[in-house]
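# Compute the structure for the input listed below.
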Amino acid sequence: MRQPLEPTPKQAISAIRVCAQLTRVYKQIDLVRLDERTKNVYILADNSLEAEITPSGEVIWL
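Model prediction:
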């Protein structure tokens, strides 16, 4: 059985910060997913705001 993919500690902290920033301005979080290909955390909010978080914790707004 394959090990489940987990975010790095820096990714996890950045993801919580991004989600907190979005909900602070009343944006609904629609999806949070760890991309198996890129190893980035992907966040979709309000069906239009997108962010990716690299394993080093860098946030990239798309």
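# in terms of contact, does Lys39 touch Ile53 like I think?
No: applying CB atoms under 8 Å, one finds Lys39 not in contact with Ile53, separated by 10.0 Å. Glycine gets a C-beta too; all of them are placed from N, C-alpha and C.
# how far out from the middle of the chain is stretch 1-11?
Taking CA atoms, centre = their mean, to the nearest Å, the mean C-alpha location of stretch 1-11 is offset from the chain mean by 13 Å.
# now what about it, what contacts it?
15, 34, 36, 39-41, 53-57 (CB atoms under 8 Å, 6 or more residues apart in numbering).
# Let's see which of those residues end up in strands.
Residues from the contacts of stretch 1-11 lying in strands, with DSSP state E as the criterion: 34, 41, 53.
# pretty sure the second one is touching Gly57, no?
Pointing back at Val41 there. No: with contacts defined as CB under 8 Å, Val41 does not count as touching Gly57, sitting 9.6 Å away.
# Going by neighbour count, list what's buried in stretch 7-23.
Buried positions in stretch 7-23, judged by neighbour count with 16 or more other CB atoms under 10 Å: 7, 11, 14-15, 18-19, 22.
# Send over that stretch as PDB, restricted to the C-alpha atoms.
Output of stretch 7-23 as PDB, limited to C-alpha atoms (Å, rounded to 0.1, in the frame of the first residue of the first chain):
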ATOM      1  CA  PRO A   7       2.300  18.500   3.300                       C
ATOM      2  CA  THR A   8       5.600  19.700   4.700                       C
ATOM      3  CA  PRO A   9       5.400  21.600   8.000                       C
ATOM      4  CA  LYS A  10       6.000  24.900   6.200                       C
ATOM      5  CA  GLN A  11       3.300  24.100   3.700                       C
ATOM      6  CA  ALA A  12       0.800  23.300   6.400                       C
ATOM      7  CA  ILE A  13       1.500  26.600   8.200                       C
ATOM      8  CA  SER A  14       1.300  28.600   5.000                       C
ATOM      9  CA  ALA A  15      -2.000  26.900   4.100                       C
ATOM     10  CA  ILE A  16      -3.600  27.800   7.400                       C
ATOM     11  CA  ARG A  17      -2.400  31.400   7.000                       C
ATOM     12  CA  VAL A  18      -3.900  31.600   3.400                       C
ATOM     13  CA  CYS A  19      -7.200  30.100   4.500                       C
ATOM     14  CA  ALA A  20      -7.300  32.500   7.500                       C
ATOM     15  CA  GLN A  21      -6.700  35.500   5.200                       C
ATOM     16  CA  LEU A  22      -9.400  34.400   2.800                       C
ATOM     17  CA  THR A  23     -12.000  33.700   5.500                       C
END
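# Great, nothing more from me.
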